[in-house]
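Undergrad: here is the input, now give the coordinates:
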Amino acid sequence: MSNEPEESKKKWETAGLCVPGFLFLGLGIGWALGYMIPGLFIGLGAGLLALAVVRMKMSK
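TA: Predicted structure coming up:
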């Protein structure tokens, strides 16, 4: 049997950690600088970008 579904699940689990990680990072930096909401949006955008990059790197 193929391990493809298991490998695909592992890729999404690994890449999926980027979004909440960068979201909290943006929240913390934004809070420290006094710009919490823009920090959240920047963290979310960076997390989604990192998710795409990690997913692309793991697919090769």
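
Undergrad: hey, let's count contacts and neighbours off CA atoms from now on
TA: Will do.

Undergrad: skipping adjacent residues, who's closest to Gly47 in space?
TA: What sits nearest to Gly47 in space, not counting adjacent residues and going by C-alpha to C-alpha, 6 or more residues apart in numbering, is Val19, at 4.0 Å.

Undergrad: how about the contacts made by that neighbour?
TA: Contact criterion C-alpha atoms under 8 Å, 6 or more residues apart in numbering gives Gly43, Leu44, Ala46, Gly47, Leu48, Ala50, Leu51 as the residues in contact with Val19.

Undergrad: same thing with Leu44?
TA: Residues near Leu44 by C-alpha under 8 Å, 6+ apart: Val19, Pro20, Phe22, Leu23, Gly26.

Undergrad: let's see that with 7 Å instead.
TA: Under the criterion of C-alpha atoms under 7 Å, 6 or more residues apart in numbering, the neighbours of Leu44 are Val19, Phe22, Leu23.

Undergrad: and for Gly47?
TA: When contacts are taken as C-alpha under 7 Å, 6+ apart, Gly47 is in contact with Cys18, Val19, Phe22, Leu23.

Undergrad: would you write a ChimeraX line that selects the buried entries of those?
TA: Selecting only the buried members of the contacts of Gly47 in ChimeraX, with burial defined as 16 or more other C-alpha atoms under 10 Å, works like this:
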select :18,19,22,23
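
Undergrad: now, which of the contacts of Gly47 sits nearest Met58?
TA: Within the contacts of Gly47, the smallest distance to Met58 is 13.5 Å, found for Cys18 (C-alpha to C-alpha).

Undergrad: isn't that closest one up against Ala50?
TA: Yes: here Cys18 lies in contact with Ala50, judged by C-alpha atoms under 7 Å, at a distance of 6.1 Å.

Undergrad: would you mind listing the buried residues in the helix or strand harbouring Gly43?
TA: Element membership of Gly43 [criterion: DSSP states H and E] is helix 36-59. Neighbour-count burial for helix 36-59, with 16+ other C-alpha under 10 Å as criterion, is recorded at 36, 39-48, 50-51, 54-55.
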